[in-house]
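Asker: Structure, please.
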Amino acid sequence: MASTETKAAAKADDLAGLEAGLDALDAVQVRRTPVREVLLKKVLPPLTAVALVIVVWQALVTAKVTDEGSLPSPSAVWDSVSDMWLAGTLLEVVWTSVSRGLLGFLLALAIGTPLGLLVARVKFVRAAIGPILSGLQSLPSVAWVPPAVIWLGLNNSMMYAVILLGAVPSIANGLVSGVDQVSPLYLRAGRTLGATGLKGTWHIVMPAALPGYLAGLKQGWAFSWRSLMAAEIIASSPDLGLGLGQLLENGRNNSDMPGVFLAILLILIVGIAIDLLIFSPLERSVLRSRGLLVKN
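Answerer: Sure, this is the predicted structure:
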């Protein structure tokens, strides 16, 4: 009898220890990150990198590695920024391209998502158009600009067509990859609970495929932005307004290297800003919801 009570007590102690351990794992200490820590870890490293690039850039100009007509000084590029700002055209040029890029990306998202689900879930559709999507993803977006101009003319419809042709395959293939990585156990559990058809797709497939889908969205945005820049550079027209691609092409035509460098820097800054403001927070949220990223 005493032996039985001892075993029961030991088992109770083991369960209590296990419960305490699980509680300790769940008890994640959440604290507000000090401003100084944010500045040191998040702000200072990229600012240091930018400062280093500017220093090296100025050193190359000072050493006269090449003539200033080929490599303008940082101050000359800054003068171009100041001129456009004072003229009131800087933000207008940036917004022209950003608005086109975001709208084109949203259209690609609306088309690429159902297409990706269809390819991922229907074997005949995958066999028929899966290789075509992969081929389209590897095709340079600039190749679509000449036929789009011929078909649609020099207008915004042509711009959006090039964006769609560049971004839709990436978004669809990203979703297909995400769905392929969903564990069959999830699908069987969903069917057991009655989550079939559209309900199963919404509640089981899409949440499980979210990491791959998000990677496809990031790549889709990159293709959207590159496609738009290619279209704006090649299909430059006053009727289309002045975007970043047109700004770059105008600088080349006028042999204005500070203007060319300004356009390149603005294109780069917009790409980085979209990633930091939209996709990085989404990625952190998805990782945190799966316990892969602890908020501290």
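
Asker: Looking at L25 now. What's its pLDDT?
Answerer: Note on L25: pLDDT of 45.

Asker: Renumber starting at 33 from here on
Answerer: Yep, numbering from 33; the last one is L57 now.

Asker: Against which helices or strands is the helix or strand hosting R284 packed?
Answerer: Assessed by DSSP states H and E, R284 sits inside helix 276-285. Using 3 or more CB pairs under 8 Å, 6 or more residues apart in numbering; DSSP states H and E as the contact test, the elements touching helix 276-285 are helix 122-153, helix 242-266, helix 289-306. Bear in mind the C-beta positions are built from the backbone N, C-alpha and C, glycine included.

Asker: where along the stretch 33-182 of the chain do the helices fall?
Answerer: 34-58, 67-70, 76-94, 106-119, 122-153, 155-170, 177-184 (DSSP state H, counting those that start in this stretch).

Asker: in the fourth one, what's buried?
Answerer: By neighbour count, with 16 or more other CB atoms under 10 Å as the criterion, the buried positions of helix 106-119 are 108-109, 112, 116.

Asker: okay, which residue is most central for the chain?
Answerer: For the chain, the residue sitting closest to the mean C-alpha position, by CA atoms, centre = their mean, is K250 at 2.7 Å.

Asker: so who does the residue lying closest to it once chain neighbours are set aside touch?
Answerer: Nearest non-adjacent residue to K250, counting by CB to CB, 6 or more residues apart in numbering: F311, 5.0 Å away. The contact partners of F311, by CB atoms under 8 Å, 6 or more residues apart in numbering, come to 246, 249-250, 253.

Asker: ditto for A241
Answerer: By CB under 8 Å, 6+ apart, the neighbours of A241 are 207, 210-211, 213-214.

Asker: Mind putting these into TSV with secondary structure, distance to A180 and pLDDT?
Answerer: Output for those, formatted as TSV (DSSP: H, G, I helix; E, B strand; the rest coil; distance: CB to CB, whole Å; pLDDT from 0 to 100):
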residue	secondary structure	distance to A180	pLDDT
L207	helix	25	87
G210	helix	29	84
V211	helix	30	82
Q213	coil	34	80
V214	coil	36	76
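
Asker: out of these, who's nearest I182?
Answerer: Proximity of those to I182 (CB to CB) peaks at L207, which lies at 31.2 Å.

Asker: tell me the contacts of G277?
Answerer: Counted by CB under 8 Å, 6+ apart, G277 has contacts 129, 260-265, 268, 295, 299.

Asker: that older thread, mind putting the contacts of F311 into JSON lines with distance to R322?
Answerer: As requested, the contacts of F311 are arranged in JSON lines below (distance: CB to CB, whole Å):
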{"residue": "L246", "distance to R322": "12"}
{"residue": "L249", "distance to R322": "17"}
{"residue": "K250", "distance to R322": "17"}
{"residue": "W253", "distance to R322": "22"}
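
Asker: By neighbours, which of the contacts of A241 wins?
Answerer: Tallying neighbours with other CB atoms under 10 Å puts L207 at the head of the contacts of A241, with 30 neighbours.

Asker: my guess is that one contacts G144, does it?
Answerer: Yes: between L207 and G144 there is a contact under CB atoms under 8 Å: 7.2 Å.

Asker: shared neighbours, those two?
Answerer: Joint contacts of L207 and G144 (CB under 8 Å, 6+ apart) are G248.

Asker: Can you report how many residues lie near the nearest residue to V97 once chain neighbours are set aside?
Answerer: Nearest-residue entry for V97: L103, 7.0 Å, with adjacent residues in sequence omitted and distances by CB to CB, 6+ apart. Using other CB under 10 Å, L103 has 15 other residues around it.

Asker: And W176, by the same measure?
Answerer: 22.

Asker: my guess is it contacts F255, does it?
Answerer: No: the criterion here is CB under 8 Å, and W176 misses it with F255 at 11.2 Å.
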